[in-house]
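Q: Starting from these lines, generate the structure:
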Amino acid sequence: MKDSVSIEYHNDMYGVFANRTFQVGEIVCDLSNGEIIPNPTRTSIQLKEGVHVEDPIGTYINHSCSPTSKIEGSWVVAVVDIASGTEVTFDYSQNEDMLASPFTCKCCGRLIAGSKEQ
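A: I've put the predicted structure just below:
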């Protein structure tokens, strides 16, 4: 499954990109081999309340207000058909209770701080 995506540098930042086509509902990436930690970091992904993962691929999945995927348990799952070469993203505001490093979204201009901070 790791060969299904790659970390690439585009537009002055790293991101995760599909190496093949994914259909809606298909697992894009499995985060279960990452390090489980209790608190959010700038690069962690929240799996459930009080459970975050530092994953070598997940670290590079960027935020989007129009995401191509979502987090379901320890899986990154396609929410749209993802063509090969397309960036894999998820909406941090719909997944993270609180971000360790809030930021202003490049696509909408709003503060992305997590669902409990809005």
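Q: For burial, what's the neighbour tally of residue 87?
A: Residue neighbour count, defined by other C-beta atoms under 10 Å, stands at 20 for residue 87. In short, each C-beta sits where N, CA and C put it, glycine included.
Q: Between the two ends of stretch 45-55, how far is it?
A: One end of stretch 45-55 sits 8 Å from the other (C-alpha to C-alpha, to the nearest Å).
Q: List the contacts of it.
A: Residues outside stretch 45-55 that contact it (C-beta atoms under 8 Å, 6 or more residues apart in numbering): 31-41, 43-44, 58, 61, 71, 73-74, 95-97.
Q: So which of those belong to helices?
A: Among those, DSSP state H puts residue 95 in helices.
Q: Buried among the contacts of stretch 45-55? Make that a ChimeraX selection.
A: Here is the ChimeraX selection string for the buried members of the contacts of stretch 45-55, based on 16 or more other C-beta atoms under 10 Å:
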select :31,34,40,43,44,58,61,71,74,95,96
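Q: Now, the contacts of stretch 45-55 that are in strands?
A: Counted as lying in strands by DSSP state E, out of the contacts of stretch 45-55, are 35, 36, 37, 71.
Q: export the residues you listed to a markdown table and tack on distance to residue 25 and pLDDT?
A: As requested, the ones in strands among the contacts of stretch 45-55 are exported to a markdown table (distance: C-beta to C-beta, whole Å; pLDDT from 0 to 100):
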| residue | distance to residue 25 | pLDDT |
| --- | --- | --- |
| 35 | 27 | 97 |
| 36 | 25 | 97 |
| 37 | 28 | 97 |
| 71 | 14 | 97 |
